[in-house]
Structures are given as C-alpha cells and as structure tokens.
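Got a sequence here, can you model it:
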Amino acid sequence: MSQSVVSGPYVAPKAQALLLVLGAVMLWGFAPIGNRYFIGNGNLAMPGAAYMALRYGIATICFFPGLLAAIRRWSIQDWLRGAVCGLTGVAAYNLLGGIAGRTVSAGMTGLLNASESLMILVVACFMARRIPNGRTLMAAILGLAGIVLLASSAGPAEGNVSGILMLLGGALGWAIYCVLIPPLISKHGVLQSSAVTMTIGTLPLLLAGWPDLGIMIAKMTHQDWELLVMLAIGSSVVALLAWNQGVALLGAQTAGWFLYLLPLFSALGGRLLLNEPLTLAELAGGTMILGSVYFAHRH
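So this is what the prediction gives:
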C-alpha cells in the first residue's frame, strides 16, 4: 500500500504528459490536410505565406494574456532564447511549410515531418556537444536514404524536390525549437513560453504574407473561416500548449518519439478527405524514415 502511495504522484504526471504529447501529434497530423486544402494547387490555391500569417495571427491573439505577463517578468536572455525558438519553430517551420504546401501532398508532408524526431536527437547531441553514437549515425543514414527515395520518386501529385527540401528545413527549425524551449517552460511556464515564441514567430509570417493577405480574405467563404479558426485554435494553440507541457515533463527526445505517428494521420487523412494518392515509393521512403526514427530511439 505504501509503495502505491509513493509512486502515484510520479506515474500520474508522466501519463498525463504522454497523453498531452499524443494529443498534440494527432492535431498536427491532420493539420497538413487543412493546409493543403487552403494552399494546394488542386484546391483553393491561396498564397501560402498569407494563409500562415492569418492562421497564426488568430493564434497569437489567443496568447495575448501570456504575452502581457512575460513582458513584465522576462530577462533579456530569456527573450533572446524565446526569439530563437519563435523564429525557428514558428516562422521558419510554417513559412517553408506554407510554400511547400502548394505542391507537396498532405501524406508526404506527414512522412517528411516524421524526420523531426531524428533531427531532435541530432540537434540535442550537437547542443550538448556530444558525439552521436553508432546507432544514431546508422539511423541518420537510413533516414537520409528514405528522404532521397521520396525526393527522387515524387511525381506532380505528391510533391517536387524543392518542396521536399523546404519541409526538411522547416523540420530542422522545429527540432531546434523543441531542444531550446524546455528551460523557458521550466522557468516561466507553458503559457508564457508559448505566447512569446508564437508572437515573435508570427511577426515574420505577417510581413511575408501581408501583400496577399487582403486578396485571400476577400476570397474566403464562411466555411473557410470556420475551418481556419479551427486550425488556428486546434493546431496552433491547443496542440502547442499540450506539446510544450509534455516536452517539459518528458524531455525533447522522449517526446519526439511520438512524432513518428504524424504520417499515419496525414497520409490517411489526405487519402480520405483530399483523395490524394499513396504510391509504393512514398510508402517505402516513409517506412525507411520511420525505421530510422525507431532505430535511433531504441535502447
């Protein structure tokens, strides 16, 4: 009886963190489907930068109370770290993803985003000045081979090489965010940390999307607005808060394990909702990427 009392408080937060991370990944897994609907060439074909600017502008408004609290409490060093997280994990990730979303399918986007887990592992080793072990290097080679297969075999329906490279660049930005954000969360909490990084990261998106923002808004229907608000609140607010809380408790590398589930939601959703194809080469390349992630995180 005494053992259960002692272990209870430890197990419960960890289980809660796992559920939070899983929920965030589920929301993010379906986000490429909404992105593809708005900016895909075969769908609404709206400007990618303008779409991301509007989506994250809505999300930033939701974080306004946390931003006000941070202005009164954060040091210059905290703001600098927050700026790096916002510029890499919000601005770079979404701007590159917004451009790539015109040509890269939701399913392939999910497959490529699965490489974020491996990138988190590599970035963490780099930040800690630790040489990756042999297992990590082998996983990197396997993942790189899968990425090359995807890039070389992608047809017009799945994506092009430039779009794939942009998504990989965005994935690297997200990996940097995940490794750098935990100290801010430990010091200031999830709400303030998310608010600062979201606000700073949204500013470049607004600058990039401003020229086409008015045109996009004029073309949007009531249904488009409903979907956009759902994406903004679900994927950009709720998922970010859940992920940051989970990362603070689990660590970036352990939480990154769950990112390998992204292709499952993106590929199936893209197939069912947007009627996007799933080719053998896409599945093979994605399997190699997922295999590299699994191999890298096995102990």
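
and the closest residue to G201 other than its chain neighbours, what is it in contact with?
Spatial nearest neighbour of G201, chain neighbours left out: V90 (2.3 Å); criterion: Cβ to Cβ, 6 or more residues apart in numbering. From N, CA and C alone the C-beta is placed, and that goes for glycine too. Neighbouring residues of V90 by Cβ atoms under 8 Å, 6 or more residues apart in numbering: 56, 177, 197-198, 200-202, 205.

Please tabulate these in JSON lines, including the columns neighbour count, distance to M108 and pLDDT.
Shown next, in JSON lines, are the contacts of V90 (neighbours: other Cβ atoms under 10 Å; distance: Cβ to Cβ, whole Å; pLDDT from 0 to 100):
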{"residue": "Y56", "neighbour count": "27", "distance to M108": "23", "pLDDT": "95"}
{"residue": "Y177", "neighbour count": "27", "distance to M108": "22", "pLDDT": "96"}
{"residue": "T197", "neighbour count": "28", "distance to M108": "27", "pLDDT": "97"}
{"residue": "M198", "neighbour count": "25", "distance to M108": "26", "pLDDT": "96"}
{"residue": "I200", "neighbour count": "20", "distance to M108": "29", "pLDDT": "97"}
{"residue": "G201", "neighbour count": "27", "distance to M108": "24", "pLDDT": "97"}
{"residue": "T202", "neighbour count": "25", "distance to M108": "26", "pLDDT": "97"}
{"residue": "L205", "neighbour count": "25", "distance to M108": "23", "pLDDT": "96"}
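
So in the protein, which helix runs the longest?
helix 2-39 (DSSP state H).

and whichever helix or strand comes after it, what does it pack onto?
Next along the chain after helix 2-39, taking DSSP states H and E as the criterion, comes helix 48-62. Where contact means 3 or more Cβ pairs under 8 Å, 6 or more residues apart in numbering; DSSP states H and E, helix 48-62 is packed against helix 2-39, helix 93-100, helix 190-219, helix 222-233.

so how far is helix 48-62 off the chain centroid?
15 Å (Cα atoms, centre = their mean, to the nearest Å).

from now on call the first residue 884
Done: numbering now begins at 884, and the last item shifts to helix 931-945.

next helix or strand past that helix?
helix 947-956.

average pLDDT for that next one?
Averaged over helix 947-956, pLDDT sits at 94.

try stretch 1098-1114
On average, stretch 1098-1114 scores 93.

try stretch 1131-1142
In this model, stretch 1131-1142 carries a mean pLDDT of 81.

Any stretches of the stretch 1034-1182 of the chain with poor pLDDT?
1034-1042, 1146-1162, 1165, 1176, 1179-1182 (pLDDT under 70).

In CSV, list the helices and strands packed on helix 931-945 along with distance to L1025.
Listed next are these as CSV, based on distance: least, Cβ to Cβ, whole Å:
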stretch, distance to L1025
helix 885-922, 22
helix 976-983, 23
helix 1073-1102, 31
helix 1105-1116, 33
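
So which of those helices is nearest N1127?
Checking the helices and strands packed on helix 931-945 against N1127 by Cβ to Cβ gives helix 1073-1102 as the closest, at 4.8 Å.

Just the buried residues of that closest one, please?
1073-1089, 1091-1092, 1095-1096, 1099 (16 or more other Cβ atoms under 10 Å).

now swap in stretch 1006-1013 and tell me
Applying 16+ other Cβ under 10 Å to stretch 1006-1013 flags 1006-1008 as buried.

and which of the residues you listed is nearest C945?
Once Cβ to Cβ is applied, the member of those that ends up nearest C945 is V1006, at 28.0 Å.

Go ahead and confirm that closest one touches W1057.
No. In this structure, V1006 is not within contact of W1057 by Cβ atoms under 8 Å, at 9.8 Å.
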